[in-house]
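Peer 1: Build the 3D model from these lines:
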Amino acid sequence: MLSNIQAKLLIVDDLPENLLALEALIKREDRIVYKAQSADEALSLLLQHDFALAILDVQMPGMNGFELAELMRGTEKTRSIPIVFVSAAGRELNYAFKGYESGAVDFLHKPLDIHAVKSKVNVFVELYRQSKAMQQQVEALEHSRREQETLLGQLQSTQLELQQAVRTRDDFMSIVAHEVRTPLNGLILETQLRKMHLARDNAAAFTLDKMRAMVDRDERQIKSLIRLIEDMLDVSRIRTGKLSIRPNCFDLTVLVRALLQNFAQQIEAAEASVSLEASEPVVGNWDEFRIEQVISNLLTNALRYGAKSPIQVKVYSEDGEARVEVRDFGIGISEENQQRIFQQFERVTAKHAVAGLGLGLFISEQIVTAHGGTITVESRIGEGALFRVCLPL
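Peer 2: A predicted model of the protein is given here:
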């Protein structure tokens with residue numbers, strides 16, 4: 001409301017009695033009147049406050065009212081303050097014309113007409129309040145506009161995130177459907193084949209050797225399904241901040257050596273060879289299960305993309321860190337792909353996409369980061385890749 005906007009008025013006169021009389025005439029509860037007995041004192045007040053109106057006496061010792069008005073008009077802060085001159089000199093001196101030339105909006109002669117003074121001051125105060133109210137409205141509109149722009153930016157960002165989430169979900173569902181179908185199709189075919197043999201009473205199909213082969217095939221397919229499910233569960237745990245790390249003291253060299261023995265069948269199936277360089281124990285406190293999971297992912301990728309090339313594994317300590325390196329000499333990874341392979345559902349390229357959800361490196365990086373470590377890659381197309389895991393000792 002306009003009545004809530006307080007107006008400040010400045011009156012300048014070298015005679016204290018004139019100041020008191022004029023103050024009594026224009027003062028009200030919704031106004032503050034400042035008094036100055038010289039131009040210098042007035043300038044000091046003008047620089048400190050925002051005035052709705054300045055009433056200046058023309059004839060003052062030192063700097064007169066006209067000179068003060070010219071200074072006010074030459075200063076950015078005081079340029080727009082309305083000026084009313086007051087003078088006891090006769091009309092024949094043509095002070096009014098000079099006052100208007102100095103930038104005055106009105107000129108009053110002494111003795112002052114009480115009603116005219118009050119009326120004029122009321123008009124300028126009202127104009128000041130309307131101007132301030134409009135300024136506040138403009139500022140409020142500008143603030144609202146900025147808020148709307150910020151909100152629009154947030155909405156657009158959220159929309160992009162939602163679109164990305166939808167694309168990620170669709171990609172995920174497509175990959176899951178494909179990856180789950182493979183072991184399930186194997187199990188279904190095996191089941192149908194056994195049903196057919198049973199229907200024909202073909203006991204020869206169920207010899208001990210053939211049963212062992214069947215169980216081995218079933219076990220591989222079931223393990224494949226379990227791995228897919230575990231990867232999806234790990235992603236869910238990572239997203240909710242519930243990926244548990246349970247450190248215990250163990251030798252990283254022993255773990256890697258045992259892991260390579262467990263990978264013997266996969267290494268043979270990939271027609272590859274793996275060498276281990278680990279001359280001394282590397283003991284630390286880490287989550288043994290999770291670290292094994294990381295190294296298993298790196299070995300699996302090396303076998304997938306190594307193009308039957310030799311794979312080199314190295315375990316050592318350096319600069320207060322335990323380090324595990326897995327190097328292959330296969331297809332390699334472009335610099336562009338190196339930036340994204342640690343993201344969810346990413347494989348090397350569409351051309352070389354193979355089995356898996358594309359979660360292995362994402363999960364591995366999260367596990368290593370949770371240990372306070374790092375996982376990096378060095379690679380060139382056609383020259384293989386070197387993955388290095390660094391864990392604080």
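Peer 1: for this structure, what helix or strand is lowest in average pLDDT?
Peer 2: helix 95-101 (a mean of 63; mean pLDDT, DSSP states H and E).
Peer 1: next helix or strand past that one?
Peer 2: Next in sequence after helix 95-101, counting helices and strands by DSSP states H and E, comes strand 106-109.
Peer 1: need the contact list for residue 6.
Peer 2: 30, 31, 32 (C-beta atoms under 8 Å, 6 or more residues apart in numbering). Quick note: C-beta positions are derived from backbone N, CA and C, even for glycine.
Peer 1: Just the pLDDT at it, thanks.
Peer 2: Per-residue confidence (pLDDT) for residue 6: 85.
Peer 1: again, but for residue 80
Peer 2: Note for residue 80: predicted pLDDT of 86.
Peer 1: count of residues packed around residue 70?
Peer 2: Residue crowding around residue 70 was assessed by other C-beta atoms under 10 Å; the count is 13.
Peer 1: quick one on the thing from earlier: please produce TSV containing the contacts of residue 6, extended by distance to residue 196 and neighbour count.
Peer 2: Putting those into TSV (distance: C-beta to C-beta, whole Å; neighbours: other C-beta atoms under 10 Å) gives the following:
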residue	distance to residue 196	neighbour count
30	100	13
31	104	15
32	103	15
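Peer 1: List just the nearest of the residues you listed to residue 222.
Peer 2: residue 30 (85.3 Å; C-beta to C-beta).
Peer 1: Excluding chain neighbours, what is closest to that closest one?
Peer 2: Spatial nearest neighbour of residue 30, excluding adjacent residues (C-beta to C-beta, 6 or more residues apart in numbering): residue 6 at 6.1 Å.
Peer 1: How about residue 380?
Peer 2: With C-beta to C-beta, 6+ apart as the criterion, residue 380 has its nearest non-adjacent residue at 5.3 Å, and that residue is residue 332.
Peer 1: and the one you found, which of the three is it?
Peer 2: coil (DSSP: H, G, I helix; E, B strand; the rest coil).
Peer 1: if I look at it, how far off is residue 75?
Peer 2: According to C-beta to C-beta, to the nearest Å, residue 332 stands 71 Å off from residue 75.
Peer 1: In CSV, could you pull the C-alpha coordinates for the helix or strand in which residue 71 is found?
Peer 2: For residue 71, the host element (DSSP H and E) is helix 65-73. The C-alpha coordinates for helix 65-73 follow below in CSV (Å, rounded to 0.1, in the frame of the first residue of the first chain):
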residue,chain,number,x,y,z
GLY,A,65,20.3,27.6,-3.1
PHE,A,66,20.8,27.9,-6.9
GLU,A,67,24.3,26.6,-6.6
LEU,A,68,23.2,23.8,-4.4
ALA,A,69,20.6,22.9,-7.0
GLU,A,70,23.1,22.8,-9.8
LEU,A,71,25.3,20.4,-7.8
MET,A,72,22.3,18.2,-7.1
ARG,A,73,21.5,18.1,-10.8
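Peer 1: what's the helix or strand that comes right after it packed up against?
Peer 2: Going down the chain from helix 65-73, the next helix or strand is strand 83-87, by DSSP H and E. If you count contacts as 3 or more C-beta pairs under 8 Å, 6 or more residues apart in numbering; DSSP states H and E, strand 83-87 packs onto strand 53-57, helix 65-73, helix 95-101, strand 106-109.
Peer 1: Great, nothing more from me.
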